[in-house]
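*Asks:* Predicted model and sequence follow; I will ask about them next.
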Amino acid sequence: MDFINHQLFIKDINVHIDPILPKKTAIITHGHADHARFGHDHVIATRQTIEIMKIRYGDKCAKKFTPLRYGQKYSIKNFNFTLYPAGHILGSAQVLIEKNNHRLVITGDYKVGKDETCKNFKLVKCDTLITEATFGLPIFQHPDPKDEIQKLIRSVKINKNNCHIVGAYALGKAQRVMNLLRQQKYNETIYIHGSLEKLCQYYSKEKINIGKFEKVSSKDKSFYEGKIIIAPPSALKDRWSRRFPNPIICMASGWMTVKQRAKQQGIELPLVISDHSDWNELLDTIKKSKAKNILITHGQEDALVYYCKKQNLVSKPLSIQGRSDEEIE
Amino acid sequence: MKKFSSLLHNLILTPSRNTKIKLLQDYFKILDINRAYALAILSDQLSFQFIKASKLRELVYEQVDQHLFDYSYDYVGDLAETISLIWPTNKEGKSQNLSTLIENIKKIKKSEINKEFSKVLSELSNNERWTLIKICTGGLRIGVSERLVKTALADLYNKSVNEIEEIWHGLEFPYENLFQWLKNETSKPKIDFKKLFHPMMLANPIDEEKDFKRLDANEFQAEYKWDGIRVQLMVSSNSVSLYSRTGDNISSAFPEIIETTKGDAVIDGELLVGRNFKPSGFNDLQQRLNRKKASKDLQKKFPVFIRAYDILFYKGKDLRKLSLVERRKYLEKFQKENTTNQIDLSTIINFSTWKALTKYKNNFYDDLNEGVMIKLKNSEYLPGRKKGYWYKWKKNPKLVDAILMYAQRGHGKRSSYYSDFTFGVWKENELVPIGKAYSGYTDKELLVLDKFIRNNTTNKFGPVREVKKEIILEVAFDDVFPSTRHKSGVAMRFPRIHRIRWDKPINEVLSIKEFKKEFKID
Ligand SMILES: [Zn+2]
């Protein structure tokens, strides 16, 4: 496993995984901005991740694209690469790297729980596991997302004169919230912030059930009473949200587990809906992967490193520059 | 318990006052005994410090790995919330009433707390657990004042909040008479006012620029503001009792006051430590505070007295509607009638211009006063912090430049920032910490400091980060005392960050020796 460094760079063949700066060859796990960037020469990813990158950054965001199916092997010299579903968002993948009988898995962002908006996580056995740790603390134990979405539906029923603005990342979370609402038989039109439109259209085209949606427009204020509006978290605080009648500010995120965090961000109705694994899922994945060597990135590494060491696993944090915990999507 | 805990959850997350009132009213519409418990809890009347934070930690360490808990606590920043989230839930648990739960907990014997309280915690949901821990550790701190609760009740039943305020301290759990009167089933509860604590009249800080232009100095008188604790003393022929500002009965901690005071009155004053009515500083008073009882030895070493500011009742007569000047005459009468009391009178400062008052505010009486109180001569005695009657004008704080050494994430609202700062001064070629501050800075300064800390950490000790020694903080503080508990030999009172001194090089910061000399510490 010495073949990859702490920046997820394989020097022998000049390949990066999820690099922040433009590189020659980049394997991209998924379309979130802290993983997929503009300007690489050659991008290797799932078809859906490539299409999402093109929607976000334009058709020419890389010089060359190589789409891979899940499970399809791709070789560069004596390295074999295979992508497996990560269950995080549409198109998200884990990367298996094989070299001389050593199997190394980079999970990227992943979640184990069920999700109708993407292919569900597949466990891949390996010798070295590089796992994310966004929610790597035992306080994070995600509840059933159905119960969380019911809180929203109930609040909409009770507060008929308010509109509910739900903060959700534009890619993945927004569509998951919409899909969860549909699963719970909420059949009204869902209103979306303009920046979500193209991605929602793409999810619909990929046959993900997000139901009927419409971009918010400058309608009469009272029109939005009793409606659900989905917007990126950044829009909750700015002037955009003030045009709606008595908005109740909601947020769908794993961070909403902590009341103090919700309060700090001015969230009145926190919905604990996460696209990352919670603590128990992280531990379970580490155990079932059978890996003896665990490297931990993205987030709350300390507790997970401590836990792995207690299980006699070789473990250390892997610091990837340019990211801090609050920016993870 | 489910209902009450979701009430608290919603209250803490709602910024709007009106929504809070509505939430409270919806809850108070329930008609059973639980609402009395809720009222007691929300208004901080349920004195129920069942378990201490240290004991709770002990319990949680029995359930989860200590390190994993500490990492989590460091992240969340709030003990009740960390425990509620990390505690393993026993899904079999049945939902319990708030009232049943509290009564069951009250029955738990000290020796069985570990087992029994843990069992209770396991049977609750996250949010109920959070609520219960808040209740059992005393003090909810959820941004809901007693006043707001009373307002919600008053509005719900078309009464005025002042009417509730007047009888409040005479009410007792489970508030049957209150609820009956609110619903117009009975008349207003009759309260024996003389025996009761009366909400105190409080001062607002003066705005030097605005207020001094606006206010006529001739209509005001001033008194020194003392750095003790504000008390209300109730004296009658058969009993004497002493109350803190929040209405807690603290009589047993100050027997010398209770034993010596004679007369028939309700007095408002400041409790101070000192001999011959000469106060000896807050540090000495600390020795007497937070103790339920005072030994003879302690009484001798740190004797207390009361400096009286005001009088509310005299021989059964309610004086609160009289003017301050009129009330003062009664206060002097009370004092003259019994000179063996451990009570002296607050001096009245006469002045004709605001400028003339400045010298009294600053550094009089060997530094022992905190500044002055400015009171409207014809003010009635009004409960709470009403605007336009009493003002406080604090001395300018002491200032020192010190170097930022360590930082830690804040708690509660600030838990995502490095907002607790330890700073120090030179001792030969090293730095020695002299204090810790977690307030005073602007939001902008906090962001700058937080960023500096993240980018300039040189060492980590658990949650504490050591940083590059290059930021100078101008620290304001009320006072500084010698201390054997600190390496530097000094302890500051209420230090806060005044500003960041970008202009000053770190070698110009004082040495500890110079610091002690400047602030007269031997
Ligand atoms: Zn992601």
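*Replies:* Right, received. Where do you want to start? Numbering: from 1, shown residues only, chains lettered A, B, ... in the order given.

*Asks:* what's the burial count for the nearest residue to residue A:224 once chain neighbours are set aside?
*Replies:* Excluding the flanking residues, the one nearest residue A:224 by CB to CB, 6 or more residues apart in numbering or on different chains is residue A:163, at 4.3 Å. To be clear about C-beta, it is placed using only N, CA and C from the backbone, and glycine gets the same treatment. Neighbourhood size, residue A:163 [other CB atoms under 10 Å in any protein chain shown]: 24.

*Asks:* Can you name the residues that contact residue A:163?
*Replies:* By CB atoms under 8 Å, 6 or more residues apart in numbering or on different chains, the residues touching residue A:163 are A:224, A:225, A:226, A:227, A:228, A:229, A:244, A:245, A:246, A:247, A:248.

*Asks:* Just the buried residues of those.
*Replies:* In the contacts of residue A:163, burial by neighbour count holds for A:224, A:226, A:227, A:228, A:229, A:244, A:247, A:248, counting by 16 or more other CB atoms under 10 Å in any protein chain shown.

*Asks:* Please tabulate those in a markdown table and include pLDDT and secondary structure as additional columns.
*Replies:* Listed next are the buried ones among the contacts of residue A:163 as a markdown table, based on pLDDT from 0 to 100; DSSP: H, G, I helix; E, B strand; the rest coil:
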| residue | pLDDT | secondary structure |
| --- | --- | --- |
| A:224 | 92 | helix |
| A:226 | 94 | coil |
| A:227 | 95 | coil |
| A:228 | 97 | strand |
| A:229 | 97 | strand |
| A:244 | 88 | coil |
| A:247 | 91 | strand |
| A:248 | 94 | strand |
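
*Asks:* Around residue 15, how many other residues sit close by?
*Replies:* Answering for chain A, as no chain was given. So residue A:15, with other CB under 10 Å, has 23 neighbours.

*Asks:* ah, no, chain B please
*Replies:* Neighbours of residue B:15 using other CB under 10 Å come to 11.

*Asks:* so it is in which element?
*Replies:* Assessed by DSSP states H and E, residue B:15 sits outside every helix and strand.

*Asks:* which SS class is the closest residue to it other than its chain neighbours?
*Replies:* The spatial neighbour of residue B:15 that comes closest, neighbours along the chain excluded (CB to CB, 6+ apart), is residue A:266 at 6.5 Å. Using DSSP: H, G, I helix; E, B strand; the rest coil, the structure places residue A:266 in coil.

*Asks:* Write out the residues of the stretch 151-300 of chain B neighbouring chain A.
*Replies:* For the stretch 151-300 of chain B, the contact set with chain A under CB under 8 Å from any CB of the partner chain is empty.

*Asks:* What parts of chain B come near chain A?
*Replies:* B:9-10, B:12-15, B:64-65, B:67-69, B:71-72, B:75-78, B:81-82, B:85-86, B:130, B:412-413, B:415-416, B:454.

*Asks:* Drop anything exposed from the residues you listed.
*Replies:* Applying 16+ other CB under 10 Å to these flags B:9-10, B:12-14, B:64, B:68-69, B:71-72, B:75-78, B:81-82, B:85-86, B:130, B:415-416 as buried.

*Asks:* show me where the stretch 51-200 of chain B has helices.
*Replies:* B:53-63, B:66-76, B:79-86, B:98-107, B:113-122, B:126-137, B:146-156, B:161-168, B:176-182 (DSSP state H, counting those that start in this stretch).

*Asks:* which residues make contact with the third one from outside it?
*Replies:* Counting contacts by CB under 8 Å, 6+ apart, the residues outside helix B:79-86 that touch it are A:138-141, A:257-260, B:53, B:56-57, B:60, B:63-64, B:68-69, B:72-73, B:76, B:121, B:126-127, B:129-130, B:133-134, B:137.

*Asks:* hmm, try it at 6 Å
*Replies:* A:138-139, A:259, B:53, B:60, B:64, B:72-73, B:76, B:126, B:129-130, B:133-134 (CB atoms under 6 Å, 6 or more residues apart in numbering or on different chains).

*Asks:* Just the closest of those to residue B:313, please.
*Replies:* Of all these, residue B:313 sits closest to residue B:134, with 36.3 Å by CB to CB.

*Asks:* right, and the closest one touches residue B:141 too?
*Replies:* No. Between residue B:134 and residue B:141 there is no contact under CB atoms under 6 Å: 7.8 Å.

*Asks:* On the pLDDT front, check the residue nearest to residue B:15 for me.
*Replies:* Reading off the confidence values, residue A:266 has pLDDT 90.

*Asks:* Tell me how far it lies from residue B:13.
*Replies:* From residue A:266 over to residue B:13 the distance is 9 Å, taken as CB to CB, to the nearest Å.

*Asks:* One more: residue A:104?
*Replies:* 43 Å.

*Asks:* repeat for residue A:299
*Replies:* 24 Å.

*Asks:* Turn the contacts of helix B:79-86 into a markdown table, including distance to the ion and pLDDT.
*Replies:* Converted to a markdown table, the contacts of helix B:79-86 look like this (distance: CB to the ion, whole Å; pLDDT from 0 to 100):
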| residue | distance to the ion | pLDDT |
| --- | --- | --- |
| A:138 | 22 | 96 |
| A:139 | 21 | 96 |
| A:259 | 24 | 92 |
| B:53 | 37 | 84 |
| B:60 | 32 | 95 |
| B:64 | 28 | 94 |
| B:72 | 23 | 94 |
| B:73 | 27 | 93 |
| B:76 | 23 | 91 |
| B:126 | 26 | 90 |
| B:129 | 31 | 94 |
| B:130 | 29 | 94 |
| B:133 | 34 | 92 |
| B:134 | 35 | 90 |
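
*Asks:* Quick check on these: which are buried?
*Replies:* A:138-139, A:259, B:60, B:64, B:72-73, B:76, B:126, B:129-130, B:133-134.

*Asks:* Kindly report the residues of chain A close to chain B.
*Replies:* By CB under 6 Å from any CB of the partner chain, the residues of chain A that approach chain B are A:137, A:138, A:139, A:258, A:259, A:260, A:263, A:268, A:302, A:303, A:306.

*Asks:* So which of those is the closest to residue B:522?
*Replies:* Looking across the residues of chain A next to chain B and measuring by CB to CB, the closest to residue B:522 is residue A:260, at 43.5 Å.

*Asks:* list the contacts for the closest one?
*Replies:* Contacts of residue A:260 by CB under 6 Å, 6+ apart are B:78, B:415.

*Asks:* which stretch of helix or strand covers it?
*Replies:* Judged by DSSP H and E, residue A:260 forms part of helix A:259-264.

*Asks:* can you give me the helices for chain A?
*Replies:* A:47-57, A:145-158, A:173-183, A:197-205, A:233-237, A:259-264, A:279-288, A:301-310 (DSSP state H).

*Asks:* residues in contact with the shortest one?
*Replies:* Residues external to helix A:233-237 that are found in contact with it (CB under 6 Å, 6+ apart): A:167, A:193, A:249.

*Asks:* Now do stretch A:166-173, average pLDDT.
*Replies:* Mean predicted confidence for stretch A:166-173 is 96.

*Asks:* ditto for stretch B:182-196
*Replies:* Here the average pLDDT along stretch B:182-196 is 79.

*Asks:* Tell me the span between the first and last residue of it.
*Replies:* The straight-line separation of the ends of stretch B:182-196 (CA to CA, to the nearest Å) is 21 Å.

*Asks:* Then stretch A:173-191?
*Replies:* Taking CA to CA as the measure, stretch A:173-191 stretches 15 Å from start to finish.

*Asks:* and that stretch, does that touch the ion?
*Replies:* No. Stretch A:173-191 lies out of reach of the ion by CB under 5 Å from the ion, never closer than 9.4 Å.

*Asks:* ok now that stretch, how far from the chain's centre?
*Replies:* 18 Å (CA atoms, centre = their mean, to the nearest Å).

*Asks:* Contacts for that stretch, please.
*Replies:* A:116-117, A:145, A:149, A:153, A:166, A:168, A:196, A:203, A:209-214, A:216, A:227-230, A:252.

*Asks:* I'd assumed residue A:26 was in contact with residue A:15.
*Replies:* No. The pair residue A:15 and residue A:26 does not pass the contact test of CB under 6 Å, sitting 7.6 Å apart.

*Asks:* mind listing what residue 208 touches?
*Replies:* I went with chain A, as the question did not name one. Contacts of residue A:208 (CB under 6 Å, 6+ apart): residue A:117.
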